[in-house]
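> Sharing a model that was predicted from the sequence below.
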Amino acid sequence: MKYRFSSLRYYVDLVWHLVLRDFALRYKGSILGVLWVMVAPLMQLATLVFVFNKVLPLGIDSYPAFVLTALLPWTWFSSCLTSAGGLFLANRDLVRRPNFPPVILITVSTFTNLLFYLIVLPLLLITLLAYGHTLSATILLLPLFLVIQSILIQGISLIIATWNVFYRDIQQIVGVLIGLLFWITPVFYRSNSASSKYQFLFDFNPIAVLIKGYRDILFYAKMPEWGGLLFAAGISIAVWILGYLVYSRQIHKVIDAL
């Protein structure tokens, strides 16, 4: 028992060290440094607000707060998946190192991008308050959403990172799919504004379900739809299991290929 606790503590410390290292390296030599964490989503927010609040208005009240509530979890999701393909390739020395489980790199990527989300989160809360939205007890459900999304991200990332070692087209395909997925995820519009015959695109898309839930608990300050949340949680766990099976069966070949 003592050995297991020491081993767990070692891996937790290792993940935290690698997260901080990854975070620092991303902005090393940059003039704005960590401020880029806020600049990037704010620029995307400004573009969406200009297009869908001025050029093609959707008629949604408090539109900047509406978009930002969904844009932050979407950015976390898309950033992790678009970078997943290069995780094993870019860290080949660590992957080939004895007693180093490569799955840690997936966890590090997930938590590093989650850290970006948490840094910008106060800006979201300020924006909500600025538009007259009160924060209710539903915000206490935020950690639950973060856990479910973390599981989903890690499961998909395991598959991408593993397969991309053998098929380098995977990373390019993922980039294209993420671009397409953005348009069928209710980041800048309400999912119920779509035609009823296309509602399945939102009902069976776990990231769309999660983003709708984020908006419910933060923007609308109401309880999420528990059926949809349970569905997203179940899919996320299933995807994680599938991802780990792919990873565990191929990791020896991955190390040989690297």
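It's in.
> Run through this protein and note the low-pLDDT ranges.
Within the chain, the segments meeting pLDDT under 70 span 1-8, 27-37.
> Try it again at 90.
Across the chain, residues meeting the criterion (pLDDT under 90) sit at 1-63, 89-101, 115-116, 119-120, 123, 131-135, 167-168, 188-204, 253-258.
> Do a quick rundown of the helices in the stretch 151-258 of the chain.
169-183, 200-203, 206-218, 226-257 (DSSP state H, counting those that start in this stretch).
> I'd like those as TSV, with distance to L68 and mean neighbour count appended.
For glycine as for every other residue, the C-beta is placed from the backbone atoms N, C-alpha and C. What follows is these, written out as TSV (distance: least, C-beta to C-beta, whole Å; neighbours: other C-beta atoms under 10 Å):
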stretch	distance to L68	mean neighbour count
helix 169-183	15	14
helix 200-203	20	15
helix 206-218	9	24
helix 226-257	21	16
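> okay if I get these as JSON lines plus distance to V103?
Below are these laid out as JSON lines (distance: least, C-beta to C-beta, whole Å):
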{"stretch": "helix 169-183", "distance to V103": "18"}
{"stretch": "helix 200-203", "distance to V103": "31"}
{"stretch": "helix 206-218", "distance to V103": "21"}
{"stretch": "helix 226-257", "distance to V103": "6"}
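> Looking at these, which is nearest to A65?
Closest to A65 of the helices of the stretch 151-258 of the chain is helix 206-218 (C-beta to C-beta; 8.7 Å).
> returning to that earlier point: L123: which of the helices of the stretch 151-258 of the chain is closest?
Of all the helices of the stretch 151-258 of the chain, helix 206-218 sits nearest to L123, with 12.5 Å by C-beta to C-beta.
> what's the spacing between that closest one and its chain's center?
Offset of helix 206-218 from its chain centre (C-alpha atoms, centre = their mean, to the nearest Å): 12 Å.
> got it, and stretch 174-188?
Distance of stretch 174-188 from its chain centroid, counting by C-alpha atoms, centre = their mean, is 13 Å.
> do the same with stretch 44-51
With C-alpha atoms, centre = their mean, you get 20 Å for stretch 44-51.
> Which residue, other than its chain neighbours, is closest to Q250?
T162 (5.1 Å; C-beta to C-beta, 6 or more residues apart in numbering).
> just Y117 next, same as before
That would be W76: by C-beta to C-beta, 6+ apart, it lies 4.6 Å from Y117.
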